[in-house]
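*Asks:* Whatever this is, show me its structure:
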Amino acid sequence: MNARAPELQTALSHPQRRNRRFPVELWAVERNGESTYHHRVTNLSVNGMFFQKEVPIPLGTTFRLELALPNGRALRAVGTVVHATSTEDGLGNGVAITSMFEQDRDTLREYLTGVPLH
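*Replies:* Model prediction:
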């Protein structure tokens with residue numbers, strides 16, 4: 001068992017930290033109709049992610065996405081843009097994961113146990 005698992009579990013289950021984001025450097029592929037876009041993901045949680053990008057995606061946009069993890073696994077989900085903002089990560093969009101197979105969510109949780117909290 002990973003020594004950080006209890007710390008991660010607290011971050012993920014504590015009501016005030018439900019959407020705790022972990023710093024990452026990953027790529028997500030958005031599939032929207034016949035269009036495909038690549039987005040740089042700079043933080044991630046089991047419930048969502050932040051796309052760093054100069055031109056924001058319109059709020060409320062829903063799309064299929066694939067997230068490539070460093071271990072070679074690819075997770076599939078449906079995401080919805082919930083905000084466009086400027087943060088310490090730069091300009092971009094907050095994307096909520098609105099649908100994901102439980103097996104993929106478990107893989108995401110497992111991956112996040114190895115990501116440093118800061």
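*Asks:* switch to C-alpha atoms for all contacts and neighbour counts from now on
*Replies:* Fine.
*Asks:* okay, and for the protein, where does confidence drop off?
*Replies:* For the chain, the stretches flagged by pLDDT under 70 are 1-19, 87-89, 117-118.
*Asks:* Just the helices from it, written as ranges.
*Replies:* Assigned by DSSP state H, the helices in the chain fall at 5-13, 102-112.
*Asks:* List the residues that contact the nearest residue to Leu67 once chain neighbours are set aside.
*Replies:* Leaving aside its chain neighbours, Leu67 sits nearest to Ala28 (4.4 Å; criterion: CA to CA, 6 or more residues apart in numbering). Contact analysis of Ala28 by CA atoms under 8 Å, 6 or more residues apart in numbering lists 38-41, 65-68.
*Asks:* which residues does the residue sitting nearest the centre point of the chain contact?
*Replies:* Taking CA atoms, centre = their mean, the centroid of the chain lies closest to Met49, which sits 2.9 Å from it. Under the criterion of CA under 8 Å, 6+ apart, the neighbours of Met49 are 21, 41-43, 94-97.
*Asks:* And the furthest pair within the residues you listed?
*Replies:* Farthest-apart pair in those is Thr42 and Ile97; separation 15.1 Å (CA to CA).
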